[in-house]
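**Q** the amino acid sequence is not available; the structure is as follows:
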């Protein structure tokens, strides 16, 4: 270098870095300088100890940075050295914080040695790590060497290598035979290599990462590559090219040199915010700078972020923010501001509504920012943003710009995406505001504002904004968007979730909806709005008007019932409950019953009033399938409550009416057998299990079982008629009905279970006598045909009577005297079909046997009781002498005058030897009672 040359400084503002070029010739003889005859091969600055390490002629020398005083010299034959990058990170990969500089030295004989700065008696010195005296062997001399905690990175003439420090093993080896000059660089977290003449790739212990590729310009001579966390800088001879480290995207080319200057090398400081590159002049001469040092200083992060956002490079801006911003107490507030700025850039520059709203959700965005329309009239931003005309005008410009693009621009699709995105943001804001408004309705709301929103005409508002006004705006416009996008489920969900926090402007929403084309969803929205602002009459009116819309019948019925239950207005119930009953009877009936879905209680109406109303509705508009509102309601109140007996009779009467509609009383069959069977089982079960429909003298006859008997008499309902007679204790009539209907087996079974066989036998003989009389009258009238018919009928009943008397099961109930009196006087004792003498004899014998057995059993029981009492008296009168020499025959020890047990067979034992008071321990004889004594008692002499 030439002395006495003043340096010149040039500055240029860059997008990422600020460049400072130092054109200078340094005077090597300044105070504190060092002069040496050998060439300096390598130099490193040690930030922790403020020292400089220099490699000169295979020897490493350590100097103090302030005075260049020599501190230490390494005598090993050094080929190259590096510092441990992990020392300068907040935490190493092992989780430990390192405070002392560490050096790795590669020797000419292919070994690695490791040193750490220590302090001994106030003296600084690098001590060698003594794990292995020979050091760590490596296969080749490095061209580049890096050390990061437990990993060693080596670039040799043949391969890129990653080694594990502790074990000395090779984790990865990537050959590069086609490279004349291999290049490797290391940042705080990444390792970058020149994989081939055209590409640079990331490398770790698992191999190369080809997802991110940095393209090399083959027309330029590459010098080196340097890297910090966010950027990769490729140094060519005449320029510096900057890439995004996360994506591999080209960002800019800076630092172009005059053709006579060529870059020779570059380094980056540990903070990553300064890059130094030096260049040499290709020619000498007086007043010519032979070398230049170029300092590229990273511009402030906020300036970078604003520039990147202005270029719509949002991801890069976010990466700069997250990497460079300080994580102090204001970080979250700055993050909200960044999200707001990014959201506006997404919206205005990219029309990316999903990402715009995603960013807005993470900040305090003002949903009432202003827009200037064509008339320069201020209007609420969210009203404008949800307006089709505004979007159409805005998109026409975009469409013009994108006319030549290969991808077709779909206006409607983009518009719908915008609306859905705004819906998403409004939902978040609404939930947030609802949560806050519960605490303070008059709370003032503070918002962040962005300079990037000026593209849309939004400016910061000076006037105060209150929560109650903001939530009304948000809810009203959210509901408009729901209506416009036909989000029926979300409309229902909104009113279900926020029914206690509805602040929307109903009048504004109604005006908006009426301007839209006719659609059920619009009317549904208005109905729900009116319901939730307690305008029940209007809500009921709208649902009533929608009754003809088949798609909304269920919703309309359910909402109408719900409103009527809340309102509890009898006049409204009668007015609007009718159409619900006519449309969907099951839903309509939930007005008067507990709703099985929601558990809502019925309206407060007296059962009689409800029945009167239901009967009126049935009369005016009967159901086509015959469904009875009264029947369903009676079933409900009978099942769930304590109701008067007349309701039971009324329900049974409704069942009968229904059955007669299916099959008239005089008909014997119907084509509706399935439904008939179902209702018949329902009626039979009701009559069999209920008793409240029976005759009650305190009630009018029309509410008794008499009414039911009259309804079904002379009809095909024989079983039901008999069941009612039985419930009325009119058993003889029931048996007679069975006989009249020819159900003889059933009649016999019925009488057998109820002890009515004498009644049945009486009926048989009674009918026999009647038909015999009729036959005789026919003979007198000279009507032989009628006479024969009557005699056959009489024969049938006499046969049934004789069969009953011969039944062994019936003999227990038949009274011999009654049977004897019933037998007609003109019967022969010995008949062709039966011997009456033997039959009567068996009935009498059976009856006598039963009586005799009963008496014998009674006498035996009495004798057994007398014997037991006699034995007990004998035991009570007996006594036993226990002498001093008497011993217990179980343990063979003397008996003491207390705690002994005495048995009726004379056995005397200790109580502990005779534990069972009912069994003698010696003979094992069982007794019903035993006698124990603990002191002298009467009946025992000791």
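**A** Now that the structure is in, tell me what you want to look at. Remember, it's a predicted structure, so these values are computed and weren't measured experimentally.
**Q** how close does residue 593 get to residue 633?
**A** To residue 633, residue 593 is 7 Å away according to CB to CB, to the nearest Å. Heads up, the C-betas are built off the backbone N, CA and C, glycines and all.
**Q** oops, could you answer that again for residue 233 instead?
**A** In terms of CB to CB, residue 233 sits 86 Å off from residue 633.
**Q** more neighbours: which of those two?
**A** residue 233 (25 against 22; other CB atoms under 10 Å).
**Q** now do the same contact list for the more buried one.
**A** By CB atoms under 8 Å, 6 or more residues apart in numbering, the contact set of residue 233 is 225-227, 240-243, 266, 268, 275.
**Q** per-residue confidence for it?
**A** Looking at residue 233, its pLDDT is 89.
**Q** quick one: it is in a helix?
**A** No - judged by DSSP: H, G, I helix; E, B strand; the rest coil, residue 233 forms no part of a helix; its state is strand.
**Q** give the buried residues for stretch 597-607.
**A** The neighbour-count check on stretch 597-607 (16 or more other CB atoms under 10 Å) flags 600, 602-603, 605, 607 as buried.
**Q** and stretch 111-124, by the same measure?
**A** Those buried within stretch 111-124 under the rule 16+ other CB under 10 Å are 111-117, 124.
**Q** ok, stretch 47-63 next?
**A** So, applying 16+ other CB under 10 Å, buried residues of stretch 47-63: 49, 51-56, 60-63.
**Q** could you do stretch 68-87 as well?
**A** Under the neighbour-count criterion of 16+ other CB under 10 Å, stretch 68-87 has 71-72, 74, 76, 78-87 buried.
**Q** do stretch 509-527 as well
**A** Buried, per 16+ other CB under 10 Å, within stretch 509-527: 509-510, 512-513, 520-527.
**Q** dump these to TSV, plus pLDDT, secondary structure and distance to residue 320.
**A** As requested, the buried residues of stretch 509-527 are exported to TSV (pLDDT from 0 to 100; DSSP: H, G, I helix; E, B strand; the rest coil; distance: CB to CB, whole Å):
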residue	pLDDT	secondary structure	distance to residue 320
509	83	helix	44
510	82	helix	49
512	83	helix	43
513	82	helix	47
520	77	helix	51
521	78	helix	46
522	80	helix	48
523	82	helix	52
524	82	helix	49
525	82	helix	45
526	83	helix	50
527	84	helix	52
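**Q** dump those residues to a markdown table, plus distance to residue 429.
**A** Formatted as a markdown table, these follow (distance: CB to CB, whole Å):
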| residue | distance to residue 429 |
| --- | --- |
| 509 | 17 |
| 510 | 23 |
| 512 | 19 |
| 513 | 22 |
| 520 | 28 |
| 521 | 23 |
| 522 | 24 |
| 523 | 27 |
| 524 | 24 |
| 525 | 20 |
| 526 | 23 |
| 527 | 25 |
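**Q** how is this structure carved up into domains?
**A** 36-175, 199-298, 299-360, 364-387+412-533, 534-643, 730-827, 879-927 (the TED database).
**Q** which one, of the ones you listed, ends up nearest to residue 670?
**A** domain 534-643 (13.3 Å; CB to CB).
**Q** quick one on the thing from earlier: closest one of the contacts of residue 233 to residue 565?
**A** residue 243 (68.8 Å).
**Q** state the distance from the closest one to residue 235.
**A** Residue 243 is 12 Å from residue 235, where distance means CB to CB.
**Q** what do you get for residue 484?
**A** 57 Å.
**Q** follow-up on the earlier one: now, the buried residues of stretch 68-87 that are in strands?
**A** Assigned to strands by DSSP state E, the following of those qualify: 71-72, 74, 78-83.
**Q** from those, which one has the minimum pLDDT?
**A** Out of these, that is residue 74, at 85.
**Q** the nearest residue to it once chain neighbours are set aside: which element?
**A** Excluding its sequence neighbours, the residue lying closest to residue 74 (CB to CB, 6 or more residues apart in numbering) is residue 60, at 4.1 Å. Element membership for residue 60, per DSSP states H and E: strand 59-64.
**Q** distance to residue 613 added to the buried residues of stretch 68-87, as a markdown table?
**A** Shown next, in a markdown table, are these (distance: CB to CB, whole Å):
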| residue | distance to residue 613 |
| --- | --- |
| 71 | 107 |
| 72 | 108 |
| 74 | 108 |
| 76 | 109 |
| 78 | 107 |
| 79 | 106 |
| 80 | 102 |
| 81 | 101 |
| 82 | 96 |
| 83 | 95 |
| 84 | 92 |
| 85 | 88 |
| 86 | 86 |
| 87 | 90 |
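**Q** ok, the contacts of residue 233 vs residue 478, which is closest?
**A** Of those, the one sitting nearest to residue 478 (CB to CB) turns out to be residue 243, at 44.0 Å.
**Q** quick one: residues contacting that closest one.
**A** 214, 231-234, 249-251.
**Q** repeat that for 6 Å
**A** 214, 232, 250 (CB atoms under 6 Å, 6 or more residues apart in numbering).
**Q** of those, keep whichever come out buried.
**A** Here, 16+ other CB under 10 Å leaves 214, 232 buried among these.
**Q** thank you, goodbye.
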